[in-house]
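*Asks:* 3D, please:
(one chain, ligands or ions: 1)
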Amino acid sequence: LFSAVQLAPRDPILGLNEQFAADTHPAKANLGVGVYFDDSGKLPLLQCVQAAEQALMSKQAPRGYLPIDGLAAYDSAVKALVFGAQAPAVQDGRVATVQTLGGTGALKIGADFLRQLTPSAKVLVSNPSWDNHKALFSRAGFEVAAYRYYDAARRGVDFEGMLADLNAAAAGDIVVLHACCHNPTGYDLSAAQWDQVIAAVKAKGLTAFLDMAYQGFGQGLAEDGAVIGKFAAAGLSFFVSTSFSKSFSLYGERVGALSVVCESKDEAARVLSQLKLTIRTNYSNPPTHGAAVVSAVLNTPEWRALWEKELGEMRTRIKAMRQALADGLKAAGVTQDMSFIVNQVGMFSYSGLSKEQMQRLRSEFGVYGTDSGRLCVAALNSRNIDHVCQAIAAVMK
Ligand code: PMP
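*Replies:* Purely as a prediction, here's the structure:
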């Protein structure tokens with residue numbers, strides 16, 4: 001039965017983790033995986049999460065099945081966070097939201113639903129993008145192509161290229177957009193550029209799928225989420241995947257959500273029924289714990305305020321590390337202008353380093369980033385920053 005089964009390639013990022021674990025360099029630093037670590041290099045357990053967990057544990061609630069679409073209080077809290085509780089689409093009952101297994105689960109449920117609905121549509125992802133976008137939509141059965149995004153020479157977005165590619169897409173094609181904190185480049189669109197993207201999506205009849213895995217890591221919760229309001233205000237039907245992996249530091253709990261904005265309440269009810277069917281035939285219903293924690297935090301004003309404070313601290317620390325990296329590289333003798341590091345947003349910096357330079361960083365200095373030159377600045381801290389700066393400066397000479 002399995003004699004013809006081929007060995008699948010190792011996940012490039014998780015492969016790096018294994019290599020890092022085996023590395024004996026005394027000053028090694030893992031800037032490969034997209035995870036936020038605090039200044040002591042530890043994965044934080046947020047205080048708001050601890051408070052909610054303590055309260056949940058003291059209740060000693062039994063663990064029955066959740067509904068197929070998840071915890072109702074969670075789904076409504078996600079709607080309020082992503083769209084605003086008073087948003088017309090929410091008030092009109094036009095948003096179908098389901099709890100999913102992280103942001104990846106939201107993308108997968110959305111992809112499977114879309115595949116049933118529009119099987120011949122093409123999916124467009126940014127070049128470059130989070131690798132799993134292409135893999136996931138391909139595995140769901142779609143042909144996946146790219147739209148231009150990163151402009152290496154300009155150190156920013158090739159916006160004319162992006163718009164031209166969207167305008168060349170066929171009606172019904174699906175375009176995956178990073179709502180904020182673009183992974184891997186760290187370059188987001190301006191509000192005015194979003195307006196042009198929305199106009200193109202509308203004019204060409206494209207289906208937008210907004211992936212929001214980092215809400216709150218860019219400029220703030222409301223600022224990062226503003227693009228969702230723009231799509232809704234344009235009267236479009238679209239998809240939003242939400243992840244709380246990073247913003248709640250709940251990576252392993254798999255807490256996410258898929259929201260689909262529809263034209264009417266009746267349409268949303270029908271879409272919801274199909275999303276539930278997709279979930280039911282995949283894993284039946286989602287797990288209880290993570291959603292219970294996130295819902296408790298979002299729905300309890302005191303914990304919600306604590307979360308926003310802690311999220312703000314993570315965001316501020318990342319920005320401080322960006323500045324420290326740019327300054328440290330200059331101090332270490334790098335003459336090129338590295339100020340772009342400070343202008344990028346989110347967890348990553350697309351450093352512009354070549355594959356060879358990234359490999360030297362690993363083999364000679366124990367500094368791990370991806371071969372594409374992506375560095376996770378959220379893993380920098382006051383103890384590893386000097387070594388990282390010296391290492392990058394050395395490979396840039
Ligand atoms: N989308 C993007 C752009 C991401 O970077 C990630 C996480 N690396 C995800 C989705 C998936 O998030 P989760 O871990 O919640 O599945």
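*Asks:* Which of the three states applies to Y65?
*Replies:* coil (DSSP: H, G, I helix; E, B strand; the rest coil).
*Asks:* That one and L56, how far apart?
*Replies:* Remark: distance between Y65 and L56 (CB to CB, to the nearest Å) = 17 Å. (C-beta placed from N, C-alpha, C; glycine too.)
*Asks:* what's the nearest residue to A171 if we skip its chain neighbours?
*Replies:* Spatial nearest neighbour of A171, chain neighbours left out: G205 (3.8 Å); criterion: CB to CB, 6 or more residues apart in numbering.
*Asks:* Y65 and L56: who's more crowded?
*Replies:* For Y65 versus L56, neighbours defined as other CB atoms under 10 Å are more numerous around L56 (15 against 9).
*Asks:* pretty sure that one is in a helix, no?
*Replies:* Yes. Assessed with three-state DSSP, L56 lies in a helix.
*Asks:* Report the contact partners of it.
*Replies:* Applying CB atoms under 8 Å, 6 or more residues apart in numbering to L56 gives the contacts H289, A292, V293, A296.
*Asks:* The residue nearest to A171 against I174, yeah?
*Replies:* No. The pair G205 / I174 is not scored as a contact, 11.3 Å apart, by CB atoms under 8 Å.
*Asks:* Counting neighbours, go ahead and name the busier of those two.
*Replies:* Neighbour count, other CB under 10 Å: between G205 and I174, I174 has more, with 24 against 12.
*Asks:* who's in contact with that one?
*Replies:* For I174, the contact set (CB under 8 Å, 6+ apart) comprises L114, T118, A121, K122, V123, L124, F137, F142, L206, T207, A208, F209.
*Asks:* can you tell me how far the nearest residue in space to T370 that is not next to it in sequence sits from the ligand?
*Replies:* Sequence neighbours aside, G32 is the residue nearest to T370 in space, at 6.0 Å (criterion: CB to CB, 6+ apart). Distance of G32 to the ligand, given as CB to the nearest ligand atom, to the nearest Å: 12 Å.
*Asks:* my guess is G32 contacts Y368, does it?
*Replies:* Yes. Counting by CB under 8 Å, G32 does reach Y368; the two are 4.4 Å apart.
*Asks:* Overlap of the contact sets of the two?
*Replies:* Residues touching both G32 and Y368 (CB under 8 Å, 6+ apart) are L16, F20.
*Asks:* Which helix or which strand is home to C48?
*Replies:* Assigned by DSSP states H and E, C48 belongs to helix 47-59.
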